[in-house]
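# Sequence and predicted model, in that order:
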Amino acid sequence: GDHRDLHSLPTRRSSDLTLALHVAYALAFHLPRSRWLAVASSPGYHWILRGELAVDGFFVLSGYLIAYYLIAEYRDRGTIAVGRFYLHRFLRLSPLLWVVLLANWWIAGESSPLWWTNVLYVNNFVPYGRQFLAWGWSLAVEEQFYILFPATLLLLYRWRRFRLSTLIGLLVLAFAVRAFVILHYGIRLPLALVETVTGPGATTWAVYSDAVYVKPYTRFGAILCGILAAYLRHYTGTDGFLRRRPIFSTALLLASGAVLALVVAAPMHDLKSVWSPAASLFYLTTHRYLASLAMACMILLSLSPAGLAKPFARFLSWRAWYPLAVTAYASYLIQPILVDQVYYYAEKYLRDHDVSIPRISPGIYLVLFLVLGVLTFAVCALLFLFIEKPFMNLRRRPLSATPVPPPADPAADAVPVATAAQPVSLTGST
């Protein structure tokens, strides 16, 4: 994500909770590791396990922020500096990623001849089990999408009358692609998270991951939901419409929450659950993008609060979320390494002192969550201050002393369409 723009754009601090939840859910998910069956048997762990939907929330937020930023740039300047956009993405993501790749090799002792796939953001096309820094797949999905997005946005400005319908059409296509891939690979629910455990009709995680979970063509719909929200906020009366209709805003917030609850409640990992082929296909095709649409609605409601959306927006904007939000990227990268190292040295200490290694009960799980949460935040704060922030400051330096003038025609700001009088820049000069 691009946290530099979270407060300069009119998202205020409403995005901080999304990032904070992403950090907390990721840690909760990674904690049990190879000993998670004891915890997974607890009824409450199902809700933690489905916290992987926070990644979809991250995609939605990323799509919203970047689309809003690029649309605002076009409205102000009459062009999009595509080269500068790519440079900013590189400076935001790559320096810390390279440090963590080195740490994964040096500290964790993990090595792979495929490390270069992480550097080039194509590691999500490496088969499951052979990936280096496997949890970096979502970075690859984002970057693969954003390689094409600026040029696509410029093309949409040439299709003034079809912009909204094109975005909706692409979202429909995203659903269709998921359905095709799921049918092609024969993916069926439930999904077995542990490879040695199978059930009637269950699909193992390795098969699901390779075919669906980490691929850009089965995940881009979540980013599109954020882009669609940014477009509606820029070019429709969404802000005023929501503010003037507190009852509608309240109903939309409750409906969005209900959709998320239904998606999370589905027992997709319960090997005792029985899914018909039609139900399995429908859920696997729709659940991520329905959740993403719900989260996009929540973003719009938090920015134009009315009715129950007002306290919801205040909760999202609580300043306590900010420290977790600014360290979210570092936490996403370093967290699994820290968890593995703590487990390794704790188990080594117990073995050296002839103490049996306990299974992770819910009580031990909570203690580990709190201790590792504090440790992760401390490490990530250092990474943010000494690696991320210097490069974020570097991005603020102008690339050119010659500013691009805004469109001369005031009407062009209301409906910005690239014309001969407003040349489109693909060189990145500003």
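Thanks, I have the structure now. Numbering: from 1, shown residues only.

# what kind of secondary structure is Trp275 in?
Per DSSP: H, G, I helix; E, B strand; the rest coil, the secondary structure class of Trp275 is coil.

# which stretches of the stretch 1-150 of the chain form helices?
16-30, 36-40, 45-49, 54-77, 82-106, 116-119, 137-158 (DSSP state H, counting those that start in this stretch).

# what does the stretch 151-300 of the chain give?
163-185, 205-208, 220-235, 238-243, 246-265, 277-303.

# Pipe the ones you listed into CSV and attach mean neighbour count, mean pLDDT and distance to Lys389 per row.
Placement of C-beta: from N, CA and C, glycine included. Compiled in CSV, the helices of the stretch 151-300 of the chain are given as follows (neighbours: other C-beta atoms under 10 Å; pLDDT from 0 to 100; distance: least, C-beta to C-beta, whole Å):
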stretch, mean neighbour count, mean pLDDT, distance to Lys389
helix 163-185, 15, 95, 34
helix 205-208, 18, 86, 36
helix 220-235, 24, 95, 25
helix 238-243, 16, 93, 32
helix 246-265, 16, 96, 33
helix 277-303, 21, 96, 26
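
# how about the ones you listed in TSV, adding distance to Thr152?
Output for those, formatted as TSV (distance: least, C-beta to C-beta, whole Å):
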stretch	distance to Thr152
helix 163-185	9
helix 205-208	29
helix 220-235	10
helix 238-243	22
helix 246-265	27
helix 277-303	18
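
# do you know which of the ones you listed lies nearest Asp352?
helix 205-208 (33.0 Å; C-beta to C-beta).

# Relative to the whole chain's centre, how far out is that closest one?
20 Å (C-alpha atoms, centre = their mean, to the nearest Å).

# Just the C-alpha atoms of that helix, please, in PDB.
Extracted C-alpha coordinates of helix 205-208, given in PDB (Å, rounded to 0.1, in the frame of the first residue of the first chain):
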ATOM      1  CA  TRP A 205      -4.400 -25.900   0.400                       C
ATOM      2  CA  ALA A 206      -1.500 -26.400  -2.100                       C
ATOM      3  CA  VAL A 207      -3.900 -27.000  -5.000                       C
ATOM      4  CA  TYR A 208      -6.200 -24.100  -4.000                       C
END
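
# helices or strands next to it in the packing?
strand 191-192 (3 or more C-beta pairs under 8 Å, 6 or more residues apart in numbering; DSSP states H and E).

# ok, back up a step: quick check: which of the helices of the stretch 151-300 of the chain is nearest to Glu143?
Here helix 220-235 is closest among the helices of the stretch 151-300 of the chain (C-beta to C-beta), at 11.2 Å.

# Please compute how far that closest one lies from its chain's middle.
Per C-alpha atoms, centre = their mean, the centroid offset for helix 220-235 relative to its chain is 14 Å.

# Flag whichever of the helices of the stretch 1-150 of the chain has the least confidence on average.
Looking at these, the lowest mean pLDDT belongs to helix 36-40 (a mean of 52).

# To Ser361, which of the helices of the stretch 1-150 of the chain lies closest?
Here helix 36-40 is closest among those (C-beta to C-beta), at 6.4 Å.

# Now do the helix or strand that contains Tyr345 against helix 54-77, angle only.
Assigned by DSSP states H and E, Tyr345 falls within helix 328-352. Angle, helix 328-352 to helix 54-77, by axes from the mean of the first three to the mean of the last three C-alpha atoms, to 10 degrees: 160 degrees.
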